[in-house]
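S.K.: Starting from these lines, generate the structure:
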Amino acid sequence: MLARRIKPMALQARRLYVELMFQVMGRALQAVSEVDSDVQAEAQSLPLGFLFEMMVMPNGSKLIIEHLGDGRFEYHGDSAPRPIDLSIQFKHVAHAFLVLSFQEKTSVAFANDRMLVDGDISYAIRMTRILNRLEAFILPRLIASRAVKEYPANLNLPEKVLSAARIYLKVANHFVDTVRA
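M.R.: The predicted model follows:
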């Protein structure tokens, strides 16, 4: 009887966690595109106005990012101003939870058929590299090495700490601006 009550609460907790992580990741992607030149260089080849979506199927939480040019992103929350160019979709909230709680790498989730890519696969690889770079900055090395395919060898501690602080500050400012609006 207790198990029947706990299961729905656990599912709801996962949904809330995934939704919160999408909000943090969206704002962090915007911030890292303003802070890191490697991310800007990676994003340069994306078309102007490129819309990226990461979501839980069928109508779950999502984040939408737009490429503004010069390697910069803008976070749009969960509403797209026009049709999406690239969508990475988790098949179930449990699959999204595994990736967003850093229990499973994105590449492993894709190999285990837990997610779909709708759009140009080269853009999906590029966005995955950007997400990996973001995770390498904002997560402790022990956790980041579990979350990303390969931890950047050229990322030294002072650069990581300074960039992470700048990213977190920009994310916090974006949350405050959102609350004020």
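S.K.: which ones are touching residue 107?
M.R.: 128, 149 (C-beta atoms under 8 Å, 6 or more residues apart in numbering). Glycine gets a C-beta too; all of them are placed from N, C-alpha and C.
S.K.: okay, it: pLDDT?
M.R.: With respect to pLDDT, residue 107 scores 83.
S.K.: Likewise for residue 11?
M.R.: Reported pLDDT for residue 11: 83.
S.K.: Helices along the chain, start to end?
M.R.: If DSSP state H is used as the criterion, the helices of the chain fall at 2-35, 37-43, 93-100, 106-111, 121-138, 141-147, 157-180.
S.K.: tell me the contacts of the closest residue to residue 36 other than its chain neighbours?
M.R.: Counting by C-beta to C-beta, 6 or more residues apart in numbering, residue 163 is the residue found nearest to residue 36 once chain neighbours are left out, at 6.1 Å. Taking C-beta under 8 Å, 6+ apart, we find residue 163 in contact with 32, 35, 36, 137.
S.K.: Emit the ChimeraX select command for whichever of these are buried.
M.R.: In ChimeraX, a selection of the buried entries from these looks like this (16 or more other C-beta atoms under 10 Å):
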select :32,35,36,137
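S.K.: Kindly present the contacts of residue 163 as CSV, with separate columns for pLDDT and distance to residue 93.
M.R.: Listed next are the contacts of residue 163 as CSV, based on pLDDT from 0 to 100; distance: C-beta to C-beta, whole Å:
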residue, pLDDT, distance to residue 93
32, 96, 25
35, 93, 30
36, 93, 30
137, 92, 26
